[in-house]
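Trainee: give me the fold of what follows.
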Amino acid sequence: MTQRLSVERLFGDPPLFRNLPTGMQIAPDGCYFAFLRTAEDDRERLDLWRCEASGSAPRCWVRATQLSSSSDAEASAAEKAERERRRQFSAGITSFALSPDGQRVLLCADGAGFVMDTADESITRITPEGTRQTQLRFSPTGNHLSYVREGNLYCYSLDTGTERALTTDANQAVAYGVPDFIAAEEMHRFDGHWWSPDESLLAYTRVDESPVAISQRFEISASSFDVIEQRYPYTGEANARVDLLIQDLRTGTVTPVTYAARSDDYLARVGWANQKLAVQVQQRDQKQLTLSFADPQTGWLEVKLAESAKTWVDLHNNFRCIDDERFIWTSERDGSAQLYLYDSDGPRKLTSTPGRVSSVMYADEQQVLYLGWLEDPTEQHLYRVEITSGTRTQLTDAAGWHDVVVAPGARWYVDRYSALEMAGHISVATPTGDNVTVLKETIDQDHGYFPYRSAHRAPILGSLEGPDGSTLYYRLTKPDVAQGRHPVVVSVYGGPGVQRVRNEWPPLTLQLFAQRGYGVLELDNRGSSNRERAFQDPIYGQLGEVEVADQVRGAEFLCGLDWVDPQRIGVFGHSYGGYMAVMCMAKAPHIFQAGVSVAPVSDWCLYDTHYTERYLSTPTANPEGYRSSAVFPYLENLRGSLLLIHGMADDNVLFTHSTKLYAALQQANQRFEMMTYPGSKHALQEQSVSVHRFELILDFFERNL
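Mentor: Numbering: from 1, shown residues only. This is a model prediction of the structure:
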């Protein structure tokens, strides 16, 4: 008998689908790989798993319940902030690392560090009871650990069992060895210290937040509230001061690296290139990025390359050092991200259009392995490029979205992929074509999703022409109803840096709508990621303009389908998608009859420096861009029904965005519905909140579409 998927079952335990493995790492000798995976009985707990390279079935290697960590010390504000920046909401083993010699595994759980001996699988707690650490990692030889506690950086000898403080003067404004807020939240640099290959040197940051003005925000829970004093770098205002230091661990000598040509330059990326420190620096306006090598003895910098753009230069993680003279880089200087080899003769282009390079996964003297696409941006595949000849070979065959981890020497790789009609699949493959499946979600009678399989509606992919002639890709889920005309919900994100339309197993929240008679359209508008620069750049200077125009084009496409009721089109989004939902409702009231906006940005002056200035410059330099990018000038045009949702402890898109929106709607005498969630942050990830939120959204659309 066909069962309709309920909200309670989707978010209940046990999970219908266990999350695909995350944090995948391959052993240094290439004999096995390890990963984190949710426990069978608890979607909130991560355990460590191991799978042999031969392709045998994975086994649970360490359960989080095996680790005894003290709960005496509450997570610090810095630790909570780091988890929020990483979008790390699970408990249990939150991260791990394999030692370079393969003899140990570092396990991080509840702020504590543990080391497991791989020979006998015995586990020892390393960090002191009653303390919490962040940024735990092995040194390159695996003889030491480094970590941050209460803002200071420490080194721990695994041979002697002794701890050494490398810094001692941290305070509420100053911390060592950690990324600053902007680095973690917007630049996705989550590291704050870096070991040299011979582990004689340790480079680290000194983050001083005192230049950032203290602002206050409320975190409102069910029965109380806290006034949080936070140094939040609002657009146009000061950022934290970030110094880069190199400490010689043998002598204690500390050498500063003066990386910033201007006082407000961003420290974007850091890593060792053999015995030099590779430093990437981005200008405050983000129109220039430089890669330099620093001499660790003097701190002197040698500039290796500079990228520039009229709009902004995107950051990436594709620098790979091959030897002292050669390295791999990706650049969008010719219109899309392509591979370059730099040597003493300068840059040589290794790839060209069609296609785009997303992530370099491996590089050596002969070859580069990378993830990207050739013809279709809705798929991602692994490719190999031979450095000498430039010959490019696609290594993954199955249609879908592939993520890989490559073993040492590129002898084999782990391929994790899915497609619209195929749930998670993990295989061990070789560049010559051998392939062994090690983990596959088979929806058989024993699978939790089996009762709902017959009602499952697989989306279809397609494309249409945008207002400017560009190609817009969409994913469309039809309703589970055979005849008649039906409502459609446009599920939107729409912001830069994100791609929603992929040939991958889609989120099951789509089924909540489809199995209740709604179609769902997802469309990647101009400004979305993983496309050429000509597709991304039109949002520069004003947000919410071309994005809305493209979503309207998608809605017009829907109106031409014989099963769609043109009078019953709604829109739903979260974060930038929440902003887009309001903008679509206000700018195209003739199209959208109902909208749900979750945690929306309403005023870009209330958002942070790096993200906002990338697209709008500063409020002083571009006041009209900020005014026209806010939602307020368009609210008088609202005609349909609007539901606003926000977490009352949101530290990303502050709750103030919604309170300002409430007041503006009231001033304009516009009716709206609202729901707030006490204690919830930006992701609204709590199980009870997820159930309540989606029940509320479904009820809203049922009443208004």
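Trainee: show me the contacts for Pro506.
Mentor: Leu420, Pro459, Arg475, Thr477 (Cβ atoms under 8 Å, 6 or more residues apart in numbering). (Glycine included, C-beta is placed from N, CA and C.)
Trainee: just put those in TSV and tack on pLDDT, distance to Trp195 and secondary structure.
Mentor: Below are the contacts of Pro506 laid out as TSV (pLDDT from 0 to 100; distance: Cβ to Cβ, whole Å; DSSP: H, G, I helix; E, B strand; the rest coil):
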residue	pLDDT	distance to Trp195	secondary structure
Leu420	97	42	coil
Pro459	98	45	coil
Arg475	99	43	strand
Thr477	98	47	strand
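Trainee: now, which of those residues sits nearest Thr118?
Mentor: Leu420 (38.9 Å; Cβ to Cβ).
Trainee: contacts only, for that closest one.
Mentor: Neighbours of Leu420 in contact, by Cβ under 8 Å, 6+ apart: Gly400, Ala458, Pro459, Ile460, Leu461, Arg475, Asn503, Glu504, Trp505, Pro506.
Trainee: recalculate using a threshold of 6 Å.
Mentor: Contacts for Leu420 (Cβ atoms under 6 Å, 6 or more residues apart in numbering) come out as Ala458, Pro459, Asn503.
Trainee: sorry, back to before: which of the contacts of Pro506 are buried?
Mentor: For the contacts of Pro506, a neighbour count by 16 or more other Cβ atoms under 10 Å gives the buried set as Leu420, Pro459, Arg475, Thr477.
Trainee: wait, the last one touches Val520, no?
Mentor: Okay, so that is Thr477. Yes. If you go by Cβ atoms under 6 Å, Thr477 and Val520 touch, sitting 4.3 Å apart.
Trainee: which residues do those two both contact?
Mentor: Shared contacts of Thr477 and Val520 (Cβ under 6 Å, 6+ apart): Leu510.
Trainee: so where do the strands sit in the stretch 351-500 of the chain?
Mentor: With DSSP state E, counting those that start in this stretch as the criterion, the stretch 351-500 of the chain has strands at 356-363, 367-373, 381-386, 392-394, 401-406, 413-419, 422-429, 435-440, 460-465, 471-477, 486-492.
Trainee: got the buried residues for the shortest one?
Mentor: The neighbour-count criterion (16+ other Cβ under 10 Å) identifies Arg392 as the buried residues of strand 392-394.
Trainee: before we move on, what SS does the closest residue to Gly647 other than its chain neighbours have?
Mentor: Leaving aside its sequence neighbours, Gly647 sits nearest to Ser680 (Cβ to Cβ, 6 or more residues apart in numbering; 3.3 Å). Recorded secondary structure, Ser680: coil (DSSP: H, G, I helix; E, B strand; the rest coil).
Trainee: residues near Ser680, how many?
Mentor: Neighbour count for Ser680, taken as other Cβ atoms under 10 Å: 24.
Trainee: which pLDDT value goes with it?
Mentor: For Ser680, the pLDDT comes out at 94.
Trainee: equivalent analysis for Arg85, please.
Mentor: 56.
Trainee: which residues touch Trp195?
Mentor: For Trp195, the contacting residues are Ser139, Pro140, Leu202, by Cβ under 6 Å, 6+ apart.
Trainee: is it possible to export the buried ones among the contacts of Pro506 to CSV including distance to Leu350?
Mentor: Listed next are these as CSV, based on distance: Cβ to Cβ, whole Å:
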residue, distance to Leu350
Leu420, 32
Pro459, 35
Arg475, 32
Thr477, 38
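Trainee: among these, which one sits closest to His188?
Mentor: Nearest member of the buried ones among the contacts of Pro506 to His188, counting by Cβ to Cβ, is Arg475, at 24.9 Å.
Trainee: using the three-state scheme, assign Glu613.
Mentor: Glu613 - assigned by three-state DSSP - is helix.
Trainee: count the residues that sit near the closest residue to it other than its chain neighbours.
Mentor: Closest residue in space to Glu613, ignoring its immediate chain neighbours: Thr235 at 5.7 Å, by Cβ to Cβ, 6+ apart. Applying other Cβ under 10 Å, we find 21 residues neighbouring Thr235.
Trainee: how much space between Glu237 and Asp295?
Mentor: Using Cβ to Cβ, to the nearest Å, Glu237 is found at 34 Å from Asp295.
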